[in-house]
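Asker: Sequence and computational prediction follow.
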Amino acid sequence: MSPRTPKGRAATIRRQPVRRRSRGPGRGRQRAEDRLIGLLAAAVFAVALVVTVVNWLLVHWWVLAVAGALAVLAGGAWIHHRQQQARWDTVRAQGLRYGLAQLDVLHHTRFEYAVRDLMRRDGCQDAVRVGGRGDLGADVKATDPYGRRWVIQCKHRRDGLAGSAVGTPDLQILNGTARQVHGADVAVIVTNGRVTAPAVNFAKQQHLHVVDRHTLGTWAAGSRPLWELLRAIPPPRRPTALS
């Protein structure tokens, strides 16, 4: 007769948890080896392909010669196109003309670009329009062929002479920033309208230059650079072919 299991002990007997079999290192190692074999196969294929191509080119060397000649021709054509484009741009810039009626109908932003283009026409290759919020009184900046730095403030009036006049406060802004902030040698205000007499006197006192409607019309419709139309321009900073 087998001994009986005590009642309390039977109640506390629990099933032992089934232990999971841990994966051995075999699978991970196999995957690493498969990867390595794949990489080696790809490298061998790449080397074989390169060798095949090189051998083919050595036999068919004329293909390289033709490709090189085509590359040289394409490069030469691109350079010629760029040079031709530059020449046409120069011709167009030299022939740039504006009438006052054209300038009057421009938006003030386009007026600033027109002044920039006129400076470029006169040989200021780095002329740039910088007008906008926070321009600190400078709408156009440029360096002329004599090395002088120009800072120009533009005042466009859609009604031309009938529009509001450029006054002393406008000149005061230019006078306060052109040299100290922008490093100007020549500080100019350009308008297609009129300028008050006190503003003209202030400009003379502070060595500022005013391009009023009359001077603007002569400059924009002609071919003379602005520095030939203004008085008391500072001397050149450096000698050039033009000086």
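Answerer: In hand now; what should we look at? Numbering: from 1, shown residues only.
Asker: Break the chain into its domains for me.
Answerer: 28-92, 100-228 (automatic domain parsing).
Asker: Packed most tightly, which of these would that be?
Answerer: domain 100-228 (a mean of 18; mean count of other C-beta atoms under 10 Å). Quick note: C-beta positions are derived from backbone N, CA and C, even for glycine.
Asker: distance between the ends of it?
Answerer: With C-alpha to C-alpha, to the nearest Å as the measure, domain 100-228 spans 19 Å from end to end.
Asker: Leaving out chain neighbours, which residue sits closest to the most centrally placed residue in the chain?
Answerer: Among the residues of the chain, the one closest to the centroid is residue 128, at 11.2 Å (C-alpha atoms, centre = their mean). Spatial nearest neighbour of residue 128, excluding adjacent residues (C-beta to C-beta, 6 or more residues apart in numbering): residue 141 at 5.7 Å.
Asker: helices or strands up against the strand or helix carrying the one you found?
Answerer: Applying DSSP states H and E as the criterion places residue 141 in strand 140-143. Counting contacts by 3 or more C-beta pairs under 8 Å, 6 or more residues apart in numbering; DSSP states H and E, strand 140-143 packs against helix 108-121, strand 128-129, strand 149-155.
Asker: Export those as JSON lines, with columns for distance to residue 164 and mean pLDDT.
Answerer: Listed next are these as JSON lines, based on distance: least, C-beta to C-beta, whole Å; pLDDT from 0 to 100:
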{"stretch": "helix 108-121", "distance to residue 164": "13", "mean pLDDT": "96"}
{"stretch": "strand 128-129", "distance to residue 164": "23", "mean pLDDT": "96"}
{"stretch": "strand 149-155", "distance to residue 164": "9", "mean pLDDT": "96"}
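Asker: one step back: pLDDT averaged over the strand holding residue 141, what's the number?
Answerer: Throughout strand 140-143, pLDDT has a mean value of 96.
Asker: thinking again about what came up before, for the residue nearest to residue 128, list each beta-bridge partner.
Answerer: Beta-bridge partners recorded for residue 141 (DSSP bridges): residue 128, residue 151.
Asker: Can you convert the helices and strands packed on strand 140-143 into JSON lines and add a column each for distance to residue 211?
Answerer: Formatted as JSON lines, those follow (distance: least, C-beta to C-beta, whole Å):
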{"stretch": "helix 108-121", "distance to residue 211": "9"}
{"stretch": "strand 128-129", "distance to residue 211": "16"}
{"stretch": "strand 149-155", "distance to residue 211": "8"}
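Asker: out of the ones you listed, nearest to residue 95?
Answerer: Closest approach to residue 95 among the helices and strands packed on strand 140-143 (C-beta to C-beta): helix 108-121, 8.2 Å.
Asker: which secondary element of the chain has the worst mean pLDDT?
Answerer: Lowest mean confidence among the helices and strands of the chain (mean pLDDT, DSSP states H and E): helix 7-12, at a mean of 50.
Asker: May I have the phi/psi pair for the closest residue to residue 122 other than its chain neighbours?
Answerer: Using C-beta to C-beta, 6+ apart and skipping residues adjacent in sequence, the residue nearest residue 122 is residue 225, 3.6 Å away. Backbone geometry at residue 225, expressed as degrees, to the nearest 10, gives phi -70, psi 160.
Asker: list the contacts for residue 225?
Answerer: By C-beta atoms under 8 Å, 6 or more residues apart in numbering, the contact set of residue 225 is 122, 123, 144.
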